[in-house]
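>>> here is my input, please return the structure:
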Amino acid sequence: MVWGRIGTRLRTPMYHVVGNLTGVRYQNEILQPLVVPALQAIGPRAILQDDNAPPHCSAAVNTFIQQARVNRMLWPANSPDLNPIEHMWDELCRRVQQHHPPPANMGQLLQWLQQEWNGVPRAFICNLIHSMRQRCVECLAHNGGHTRY
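Next comes the predicted model:
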């Protein structure tokens, strides 16, 4: 598993998660060293958008986010997945699949993922993020059902 953060101004380095990601690991390995500094660099209007994955909403993580004064976008438990990062993962997958032959091992796969992560144009990421308003409009128009996103 890999983790990454995108934004209109910057993206974090991709982080390789070895083993199971728990709330404590998410806090110590991702939030504290990667997310909070990136959000602080953006300023007080920065918003963290994560999802309802168990490590993201553990009690320890919720406490840490409050103590770090991170603005967090709340998602209902059964919401459609409108997170632009999902489209980034799709783009990353397409880019890695263009490598021939396929990766020979996990190390090579991780190297290619990082290379392609860094190679996705900023304009692509900005388009994903700026599409959020339209994503929400379409989601509401379809009562939470399937949209073109």
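>>> ranges for the helices of this protein?
Counting by DSSP state H, the chain has helices at residues 23-25, 36-42, 59-67, 85-97, 106-119, 122-130, 132-141.
>>> looking at the chain, which residue lies furthest from center?
Most distant residue from the mean C-alpha position of the chain: Pro101, 27.9 Å away (C-alpha atoms, centre = their mean).
>>> read off the pLDDT value for it.
Pro101 carries a pLDDT score of 92 in this model.
>>> coming back round to it: now the helices of the chain as a markdown table including mean neighbour count and distance to Tyr149?
C-beta: built from backbone N, CA, C; applies to glycine. Written out in a markdown table, the entries for the helices of the chain read as follows (neighbours: other C-beta atoms under 10 Å; distance: least, C-beta to C-beta, whole Å):
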| stretch | mean neighbour count | distance to Tyr149 |
| --- | --- | --- |
| helix 23-25 | 16 | 29 |
| helix 36-42 | 15 | 24 |
| helix 59-67 | 14 | 26 |
| helix 85-97 | 15 | 8 |
| helix 106-119 | 14 | 21 |
| helix 122-130 | 14 | 10 |
| helix 132-141 | 13 | 5 |
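>>> which of the ones you listed sits closest to Trp3?
Distance to Trp3, taken as C-beta to C-beta, is lowest for helix 85-97 among those, at 9.4 Å.
>>> show me what contacts the closest residue to Ser58 other than its chain neighbours?
Counting by C-beta to C-beta, 6 or more residues apart in numbering, the nearest residue to Ser58 once its immediate chain neighbours are dropped is Gly23, at 2.7 Å. Contacts for Gly23 (C-beta atoms under 8 Å, 6 or more residues apart in numbering) come out as 54-61.
>>> and which of the residues you listed is nearest to Thr147?
Distances from Thr147 to those, taken as C-beta to C-beta, are shortest for His56 (23.1 Å).
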